[in-house]
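Asks: could you look at this predicted model? Sequence included:
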Amino acid sequence: MKLKLKNTPEQVELIKAMGSRDTTVAREASEAFAAFIGPVVSKVLMAAGTASTIYSDLPYDEDDQPSIPLDLWYNGGQDYIQTWSQNVAGGLPTSAVEGFSEMKISTYRLDSAVSMLKRYARRARLDVVSKAVERMANEVLVKQERNAWAVVLKALAEATSNGGDHIVNSTGTTLTLQHLNDLLTLVKRINTSYAGTTTADVYGITDLFVSPEVKGDIRKFAYNNVTNSSTDLPAGVREEIYRAAGTQEIFGISIHELVELGAGKKYNTLFGEFATGDNSTFDASGNDQILVGLDLSKDSFVRPVARNSESGSTFTALPDDQFLARAEKLGFYGSLEEGRVALDGRAVAGIWLGAAA
């Protein structure tokens, strides 16, 4: 994520004022700048990363206790549901069996702080100030992504239906169209275990998150047989994959590439820690890797987020008052309060490449 301040006379004067040796002038300028960057960082965080693609925002007023009326998320025919969430940032996501009542949600604060020498402000070094704000936003973004994906991966590792998990197992380490076909079939059948399910309630897979290596397998579709059998892709499809350097959609499923997925990578290792039961042999440090399929057509993944009562922004930035005059430094700290919840296990399924025979 990159942020860049516009080189306008107004912004230059404001930056210079932040570096003033008059503490009153510097304080007022810093407060004005913090009020300006708060909503900007909030918008950038919404557009950056993958978590914003998965989760739907549920804003609430700060100092309030967010809750979700679960009966509005489900049709009748069920007595209880299973949800996944975490109580603290970086904590272990846990599952809970909930009745159809008001579900209280635990939220946590994510924050970051940056500082710089005042001389950069006096010289109107907009590049340095931009990098400082960018650093603060990126630190919060990294924390957001980790917490958001922890809930998704925990839900995938634990979601079960009639004793069978939500994962297509493959002893091979290469993605094929058969894996995707099996995944679509599995997701349709998972729904039959839920009482009261109608055709309108049936989940599918809209998005598949894969590693760069799996995206490489997809690019190979352009010049290799899809399987070792006579089944092959039409020439038109091969040409489309070739021209697009790898298709972005297969069987109507949007393909997303994540560097954190793949053998030995961060999210792959995290899933290995969460995996239980039949998946206990998942070797995150070896060749095993997980592909995460989600149904984003329904609001199964929600993000309660606190909204500032004054600015209406979800990210609040303030001047850092820890620096004395002799330190010749200025700084800012920013924070947001949010939670991550997976409301329905039917919305998540995956493919385990390299499953033990």
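Replies: The structure has been received and is ready for your questions. Everything numeric in this text was worked out from a predicted model, so none of it was measured.
Asks: contacts and neighbour counts: CA atoms only from here.
Replies: Noted.
Asks: show me where the stretch 51-200 of the chain has its helices.
Replies: 51-54, 118-122, 126-158, 177-190 (DSSP state H, counting those that start in this stretch).
Asks: what are the ranges of the helices in the stretch 201-350 of the chain?
Replies: 212-220, 235-243, 266-274.
Asks: can you pull out the strands in the stretch 201-350 of the chain?
Replies: 207-210, 249-250, 253-257, 289-294, 301-307, 316-319, 329-338, 341-342, 348-353 (DSSP state E, counting those that start in this stretch).
Asks: so the chain: which segments form each domain?
Replies: The chain resolves into domains spanning 9-155+301-342, 159-299+346-353 when parsed by automatic domain parsing.
Asks: give me the low-pLDDT residue ranges for this structure?
Replies: Residue ranges of the chain with pLDDT under 70: 1, 75-79, 160-164, 191-202, 222, 224-247, 276-280, 356-357.
Asks: so what touches stretch 37-50?
Replies: Residues from elsewhere that reach stretch 37-50 (C-alpha atoms under 8 Å, 6 or more residues apart in numbering): 1, 52, 133, 137, 141, 145, 311, 313-317, 334.
Asks: what of stretch 59-75?
Replies: Counting by C-alpha under 8 Å, 6+ apart, 99-106, 196-197, 304-309 sit against stretch 59-75.
Asks: switch the cut-off to 7 Å
Replies: Phe100, Ser101, Glu102, Met103, Lys104, Ile105, Pro304, Val305, Ala306, Arg307, Asn308, Ser309 (C-alpha atoms under 7 Å, 6 or more residues apart in numbering).
Asks: buried sites along that stretch?
Replies: Residues Pro59, Tyr60, Pro66, Ile68, Leu70, Tyr74 are the ones in stretch 59-75 that count as buried (16 or more other C-alpha atoms under 10 Å).
Asks: now the first one: how far from Gly354?
Replies: If I follow you right, that is Pro59. Per C-alpha to C-alpha, to the nearest Å, Pro59 is found 41 Å from Gly354.
Asks: also the third one?
Replies: Noted for Pro66: a distance of 41 Å to Gly354, by C-alpha to C-alpha.
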